[in-house]
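# make a model of this:
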Amino acid sequence: MSGTNMKFGTTDKVLQVNSPIFVGNGPNTRSLESCMEAIDAGAGAVEVSGPRGIGSNENFVRLDQFQLLPSKQDAFKNRYFGFATTGARKKWHNSEFFIEKKLEKISKLKKYAAGKCLIVVSVGSVDYRGTGKKGQELSWAEMVSVSQEAGADAITLHLNTGQQLAGKMWTDNPDILIDIIKEAKKASKVPIIAKLPIEGCDPLDLAEIALKAGADAIAPTARYIGLHIDIHQETVPEWGGFHGYGGPWSLPITSAWTALLTKWDRNCCIIPGGGVMSWQDVVRLILVGAKMVQVCTWPILKGYGEIKNAIGCIESWMKERHYKSLDSFRAKSIDNLIEQEVVWGRSYDKGPYEGVVVDKDACIGCSACVHVCYFGALSLDTSNSAEIDKTKCVGCGCCYHTCPVDAIRPPDKLTEPKATYTFNNRILE
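Okay, the predicted model is just below:
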């Protein structure tokens with residue numbers, strides 16, 4: 001794959017990225033071996049956990065467990081997932097021994113990557129006000145310093161969490177966010193990535209604050225605070241209360257905020273994550289402006305072979321469309337976005353799917369399209385194939401999206417007029 005030069009904000013350093021896939025920190029990057037597997041699969045960046053400033057004298061080791069909720073079968077059916085954090089408390093979480101183990105892992109990965117993949121180190125603290133003066137806690141500057149000395153190509157400030165509504169916290173306390181980023185930036189010789197929430201806030205406001213404070217890239221991600229009740233146990237069996245949820249259903253939300261951030265600042269380096277489960281999803285986020293795309297649940301569920309396959313599929317997709325680089329199609333889909341008020345206020349004679357046709361050879365006569373059409377435009381003919389009454393069709397597209405075998409084909413090109421887009425009184429060109 002033809003790579004891209006990653007220009008991180010105001011830094012002078014331009015990093016070469018060989019693929020758009022950014023493997024996010026999680027259970028899938030806990031071991032050295034799994035990180036090496038991600039590098040071998042062709043990931044452009046692998047993010048690993050660095051030293052942490054917990055904000056408590058009784059620091060503890062966390063064991064991040066990936067869980068399918070509320071059961072394997074139901075989770076796959078509904079496509080939502082969650083992380084649970086468990087583990088006995090230990091006092092050696094940020095001991096010299098534990099830090100050295102993490103730094104040793106970073107150094108080994110840096111050597112193993114040999115320029116093929118960026119090694120990104122994630123640092124963070126439960127106590128965002130941490131100054132490094134309590135017990136064994138590390139300050140943000142100390143976490144950044146030791147991580148880059150170990151070989152980090154970039155540092156992620158983990159400013160989002162599934163345990164609390166971080167978006168509201170930063171909205172209410174922007175001064176703390178600014179202080180953290182400035183402290184990290186001052187201590188760093190490598191790019192600083194601000195991993196920010198998109199729930200409970202206006203992500204554009206937080207991005208503006210982070211960039212002005214010195215962040216070189218924005219990584220909008222979220223596990224949405226939620227509850228899923230098991231109706232047999234009448235409770236939340238996994239962790240008993242509110243926690244962070246995610247899954248493929250969240251991809252349109254991730255895409256929307258990526259597009260808005262790109263429209264707000266075309267030069268902003270955006271590395272979004274949330275809901276990505278296929279190579280098509282990676283392409284979708286690049287089309288709305290992503291520089292790289294974070295993945296975590298996807299390789300957990302399907303293995304790193306998916307990453308290698310995805311890169312091949314993206315290369316084939318680019319070749320078919322004569323794209324020579326990722327930059328050739330980055331942000332291409334956002335130029336024709338329609339003002340939301342215009343979308344809601346327009347009167348339609350026909351919808352964008354006017355002119356759909358039925359592939360008689362592909363149709364299996366299941367009647368799915370007939371049942372979903374509330375305008376009576378579809379029926380089965382004498383050969384048990386769907387047929388469309390064009391005088392009744394309103395072009396809503398429900399039949400197209402419902403057909404299980406893609407026997408209903410859309411018009412050759414769905415187009416909308418270009419318009420200036422505004423969001424919360426911001427003009428987004």
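
# so where do the helices sit in the stretch 51-200 of the chain?
Ranges of helices in the stretch 51-200 of the chain, per DSSP state H, counting those that start in this stretch, are 72-78, 96-113, 140-150, 166-172, 174-187.

# meant to ask about the stretch 201-350 of the chain, not that
Remark: helices assigned in the stretch 201-350 of the chain by DSSP H, counting those that start in this stretch are 203-213, 251-264, 279-287, 297-302, 305-320, 340-345.

# can you list these in a markdown table and add distance to R330 and mean neighbour count?
For the C-beta atoms, the positions are set from N, CA and C on the backbone; glycine is no exception. Shown next, in a markdown table, are the helices of the stretch 201-350 of the chain (distance: least, CB to CB, whole Å; neighbours: other CB atoms under 10 Å):
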| stretch | distance to R330 | mean neighbour count |
| --- | --- | --- |
| helix 203-213 | 18 | 20 |
| helix 251-264 | 9 | 22 |
| helix 279-287 | 5 | 21 |
| helix 297-302 | 21 | 20 |
| helix 305-320 | 12 | 16 |
| helix 340-345 | 23 | 10 |
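
# need those helices in a markdown table with mean pLDDT, can you?
A markdown table is the format used below for the helices of the stretch 201-350 of the chain (pLDDT from 0 to 100):
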| stretch | mean pLDDT |
| --- | --- |
| helix 203-213 | 95 |
| helix 251-264 | 93 |
| helix 279-287 | 96 |
| helix 297-302 | 88 |
| helix 305-320 | 94 |
| helix 340-345 | 57 |
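
# to G395, which of these lies closest?
Smallest distance to G395 across those (CB to CB): 14.9 Å, for helix 340-345.

# could you identify the helix or strand that succeeds the closest one?
Downstream of helix 340-345, the next assigned helix or strand under DSSP states H and E is strand 357-358.

# and that next one, what does it pack onto?
In this structure, strand 357-358 makes packing contacts with strand 386-388, strand 408-409, judged by 3 or more CB pairs under 8 Å, 6 or more residues apart in numbering; DSSP states H and E.

# which outside residues touch whichever helix or strand comes after that strand?
Using DSSP H and E, the next helix or strand after strand 357-358 towards the C-terminus is helix 368-372. With contacts defined as CB atoms under 8 Å, 6 or more residues apart in numbering, helix 368-372 is touched by 378-380, 386, 398-399, 402-404, 408.

# flag every buried residue along helix 368-372.
Neighbour counts using 16 or more other CB atoms under 10 Å place 368-370 of helix 368-372 among the buried residues.

# tell me the contacts of V394?
Contact analysis of V394 by CB under 8 Å, 6+ apart lists 348, 350-351, 354, 375, 377.

# out of the helices of the stretch 51-200 of the chain, which one sits most buried?
Highest mean neighbour count among the helices of the stretch 51-200 of the chain (mean count of other CB atoms under 10 Å): helix 140-150, with a mean of 22.

# just checking, what packs against that one?
Judged by 3+ CB pairs under 8 Å, 6+ apart, helix 140-150 is in contact with strand 45-52, helix 96-113, strand 118-124, strand 154-158, helix 174-187.

# partner strands of the fourth one, with direction?
Yep, that's strand 154-158 we're talking about. Note on strand 154-158: by DSSP bridges, its sheet partners are strand 118-124 (parallel), strand 192-196 (parallel).

# which one of those is the most hemmed in?
Of all these, strand 192-196 has the most neighbours on average by mean count of other CB under 10 Å, namely a mean of 27.

# any idea how far it is from the chain center?
Distance of strand 192-196 from the chain centroid (CA atoms, centre = their mean, to the nearest Å) equals 13 Å.

# using PDB, write out every CA atom in it.
Provided in PDB are the C-alpha atoms of strand 192-196 (Å, rounded to 0.1, in the frame of the first residue of the first chain):
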ATOM      1  CA  ILE A 192       1.100  14.200  21.400                       C
ATOM      2  CA  ILE A 193      -2.300  12.600  20.500                       C
ATOM      3  CA  ALA A 194      -5.200  13.700  22.600                       C
ATOM      4  CA  LYS A 195      -7.700  10.800  22.900                       C
ATOM      5  CA  LEU A 196     -11.000  12.700  23.600                       C
END
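
# any idea of the mean pLDDT in that strand?
For strand 192-196, mean pLDDT rounds to 95.

# other residues contacting that strand?
Identification of contacts with strand 192-196 by CB under 8 Å, 6+ apart yields 8, 120, 122, 144, 154-160, 170, 181, 184-185, 203, 206-207, 210, 214-221, 271.

# switch the cut-off to 7 Å
Contact with strand 192-196 is made by 120, 154-160, 181, 184-185, 203, 206-207, 210, 214-221, 271, as judged by CB atoms under 7 Å, 6 or more residues apart in numbering.

# likewise stretch 250-266?
Contacts for stretch 250-266 (CB under 7 Å, 6+ apart): 198, 203-204, 207, 218, 220, 224, 268, 270, 272-276, 281, 284-285, 288-290, 331, 334, 337, 421, 423, 426, 428-429.

# of the residues you listed, which qualify as buried by neighbour count?
The neighbour count (16+ other CB under 10 Å) marks 198, 203-204, 207, 218, 220, 224, 268, 270, 272-276, 281, 284-285, 288-290, 331, 334, 337, 421, 423, 428 as buried among the contacts of stretch 250-266.

# now for the protein, the helix or strand with the poorest mean pLDDT.
Within the chain, no helix or strand scores below strand 63-68, which has a mean of 47 by mean pLDDT, DSSP states H and E.

# next, E199: phi, psi?
Note on E199: its backbone torsions stand at phi -110, psi 140 [degrees, to the nearest 10].

# residue contacts, it?
Going by CB under 7 Å, 6+ apart, E199 touches 165, 167, 222, 224-225.
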